[in-house]
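# Can you look at this prediction? I've put the sequence above it.
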Amino acid sequence: MECVFCKIINNEIPKRSLYEDEVCEVIMDAFPVTEGHVLIVLKEHVESLDQASYETVAHVAKVVKFISNAMKMALNLDGITTVENSGLLQEIPHAHIHLIPTYENQRGLEFITKGNQERIEIEYQKILSRIQ
């Protein structure tokens, strides 16, 4: 299987690159959810952030902050939604983070759980059991 993000990182597919270092590259999303939607793509081919090293994830967190600040200064936005999909909702199996600008006139992103406290508690306990 040929990975579209690997092709983008290797300059086989045109891109609008905003930032690049040894760990990741920041590009404009080709199919943006809102104006100014960017992707932080790991150069290493791993399917999700949980497969990357702690050092890589820490570095990416710094890039998220850096790029978010740049976006806030450059765009007339009201907030940023930061998303990393893995597994079921992931369209491209290559670790990447979405930085999605939010604007006052939009409704926002729709989330599945919608405040079902019983369901949230069950999921909380399942995840917590894997952390302890």
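Yes, it's here. Residues are numbered from 1 along each chain as shown.

# Going by C-alpha atoms from here, please, whenever you check contacts or count neighbours.
Noted.

# The longest strand along the chain: how far from the chain's middle?
The longest strand of the chain (DSSP state E) is strand 96-102. Strand 96-102 sits 5 Å away from the centroid of its parent chain (CA atoms, centre = their mean, to the nearest Å).

# Equivalent analysis for stretch 43-58, please.
The answer for stretch 43-58 is 12 Å, by CA atoms, centre = their mean.

# Show me which positions of it end up buried.
Within stretch 43-58, the residues scored as buried using 16 or more other CA atoms under 10 Å are Lys43, Glu47, Ser48, Leu49, Val57.

# Ala95 is in contact with the third one, correct?
In this case it means Ser48. Yes - the criterion here is CA atoms under 8 Å, and Ser48 meets it with Ala95 at 4.2 Å.

# Glu25: neighbour count?
20 (other CA atoms under 10 Å).

# Show me what the helix or strand that contains it is packed against.
Element membership for Glu25, per DSSP states H and E: strand 24-28. Under the contact criterion of 3 or more CA pairs under 8 Å, 6 or more residues apart in numbering; DSSP states H and E, strand 24-28 touches strand 17-20, strand 38-42.

# How about residues contacting that strand?
The contact list for strand 24-28 (CA atoms under 8 Å, 6 or more residues apart in numbering) reads 9, 15-20, 36-44, 60.

# Apply 10 Å and report the result again.
By CA atoms under 10 Å, 6 or more residues apart in numbering, the residues outside strand 24-28 that reach it are 8-9, 15-20, 35-44, 56, 59-60, 63-64, 67, 95-99.

# Name every strand pairing with that strand and say which way it goes.
Strand pairing for strand 24-28, determined by DSSP bridges: strand 17-20 (antiparallel), strand 38-42 (antiparallel).

# Turn the buried residues of stretch 43-58 into JSON lines, columns for pLDDT and secondary structure.
As requested, the buried residues of stretch 43-58 are exported to JSON lines (pLDDT from 0 to 100; DSSP: H, G, I helix; E, B strand; the rest coil):
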{"residue": "Lys43", "pLDDT": "97", "secondary structure": "coil"}
{"residue": "Glu47", "pLDDT": "95", "secondary structure": "coil"}
{"residue": "Ser48", "pLDDT": "95", "secondary structure": "coil"}
{"residue": "Leu49", "pLDDT": "96", "secondary structure": "helix"}
{"residue": "Val57", "pLDDT": "98", "secondary structure": "helix"}
